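My questions are about this predicted structure, shown below with the sequence.
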Amino acid sequence: MKNRFPRHIAAMDENGSMIVIVLMLLTLMSIIGIASTNTTVMENFIVRNSSLRKENLHMVDSVATEAYQRVNDVEYADPADPTAFLKPDQIMPDMPGHFNWVLDKDLWRTSGNLAAWYNRAHVGPILTAANSTVPDSVTTNDIDVLTQRGYVYDAAHPELSPIRYALVGWDYVTEGGESIAVNQPGVPTIKKADLLVEYLSPDYGIIRLIVGVQKQFG
């Protein structure tokens, strides 16, 4: 039986099938390429966010160290500059002359700030110009990472700082091997408090750090 189709028509059909196969392969390769690109972009975002998180942690840790040093230097006598360090009454919230960043623990709790501090869903600022202070490393020396992130701040505008700290205290230490008499004249007293550091940025995340501190008075 003779072939009813001419040979040149059969050849055209074969060429058409080859074009369809090539187009399908190109489409598949394009899909694979787009998926690989999306994966690479996502991995870059993950690496970037991880780096920012580490930067934030280092920044908050450095501010906590500054705050701790400031509290720990109370009563330290510097003959060259006797006003360089705080006095005991300046870090006691129940005494006159204390700073606005020195907070009473009971008022901190009843104001709702304590609950907000541990509430992961709370995204607004807890430490503000009314209840905290800006670290000197921000207002005087400038933290490069903050400058690179576009923050503009100076000593005249502390409200523009995204990072602040406060002290919440004090409780008497009466437990364990450090028990010391409470409110006995002439007897040293050990008290404990919490240092709070908050970094709040709409673009770079939120970190809240709490550090316990103990100090002997008297």
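Arrived safely, thanks for sending.

what about the helices in the chain?
Applying DSSP state H to the chain gives helices spanning 7-72, 105-110, 113-117, 136-139, 144-148.

Relative to residue 158, which of these is closest?
Closest to residue 158 of the helices of the chain is helix 136-139 (C-beta to C-beta; 6.5 Å). No exception for glycine: its C-beta is placed from N, CA and C like everyone else's.

tell me the average confidence for that closest one?
Averaging pLDDT along helix 136-139 gives 76.

Do I have it right that residue 189 meets residue 217?
Yes - counting by C-beta atoms under 8 Å, residue 189 touches residue 217, with 5.0 Å between them.

and these two? which has more neighbours close in?
More crowded of residue 189 and residue 217, by other C-beta atoms under 10 Å: residue 189, with 17 against 14.

separation between that one and residue 167?
Note on residue 189: its distance to residue 167, by C-beta to C-beta, to the nearest Å, is 17 Å.

same thing with residue 110?
17 Å.

Which one of those two is surrounded by more residues?
Just comparing residue 110 and residue 167: by other C-beta under 10 Å the higher neighbour count belongs to residue 167, 25 against 10.

That one: what's it in contact with?
For residue 167, the contacting residues are 67, 71, 91, 101, 102, 103, 193, 194, 195, 196, 213, by C-beta atoms under 8 Å, 6 or more residues apart in numbering.

Go through those residues and say which is closest to residue 25.
Using C-beta to C-beta, residue 196 comes nearest to residue 25 of those, at 60.6 Å.
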